[in-house]
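Trainee: Sequence and predicted model, in that order:
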Amino acid sequence: MAAVLFNKLSRSTNEFAKAAMVELQLEGNSPDQLTNCLVRVLEDLGEEKPKGSNMQLLQRLTELMQQHKVLLLLDNVNHADQLDSLLPSQFSSGSSRVIITSRDEKLPSSEAYLVSATA
């Protein structure tokens with residue numbers, strides 16, 4: 001369902017200059033898992049071989065989201081700690097947007113829409 005939404009939003013309109021969808025497979029917040037996830041996001045947004053500390057990678061993501069109209073879809077978020085680690089503190093600034101999908105109804109959000117999967 002997340003892939004369908006992402007494809008519709010990112011490809012059917014020219015609204016976003018850059019777009020990335022990342023399915024999270026983080027069980028905890030280990031630095032290596034976080035680094036791999038940030039690198040995947042940055043590569044999907046067109047960065048070539050991003051390197052640096054997690055703080056530097058997050059700073060680059062913040063810059064991209066402030067400089068360009070970015071659509072970022074984080075799929076399968078398991079808990080709020082993942083969001084704290086992955087999202088720039090100003091992710092909603094400018095015209096960039098982040099869509100978060102999760103089965104956890106307790107995740108904080110500014111606007112939430114409950115979507116039930118159908119078989």
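Mentor: Yep, it's here.
Trainee: where's the closest residue in space to Val70 that isn't next to it in sequence relative to Ala3, distance?
Mentor: Ranked by CB to CB, 6 or more residues apart in numbering and with sequence neighbours excluded, the top spatial neighbour of Val70 is Ser96, at 4.1 Å. The C-beta positions use only the backbone N, C-alpha and C, and glycine is treated the same way. Counting by CB to CB, to the nearest Å, the separation of Ser96 from Ala3 is 20 Å.
Trainee: ok, these two, which is more surrounded?
Mentor: Regarding Ser96 and Ala3, a neighbour count based on other CB atoms under 10 Å identifies Ser96 as having more, with 23 against 11.
Trainee: any idea how far Asp104 is from that one?
Mentor: Shown here: Ser96 relative to Asp104, a distance of 23 Å by CB to CB.
Trainee: Helices of this structure, start to end?
Mentor: Using DSSP state H, the helices found in the chain span residues 2-11, 31-44, 54-67, 80-86.
Trainee: list the contacts for the closest residue to Leu38 other than its chain neighbours?
Mentor: With CB to CB, 6+ apart as the measure, Leu57 is the residue that lies nearest to Leu38, at 4.0 Å, once sequence neighbours are left out. The neighbourhood of Leu57, defined by CB atoms under 8 Å, 6 or more residues apart in numbering, consists of 35, 38-39, 42, 50.
Trainee: so how far is Asp84 from Leu57?
Mentor: Counting by CB to CB, the gap from Leu57 to Asp84 is 15 Å.
Trainee: Next: Arg103.
Mentor: Using CB to CB, one obtains 18 Å as the distance from Arg103 to Asp84.
Trainee: before we move on, what about Asn76?
Mentor: From Asn76 across to Asp84, the span is 16 Å (CB to CB).
Trainee: Give me the more crowded residue out of these two.
Mentor: For Asn76 versus Asp84, the count of surrounding residues by other CB under 10 Å is larger for Asn76: 16 against 10.
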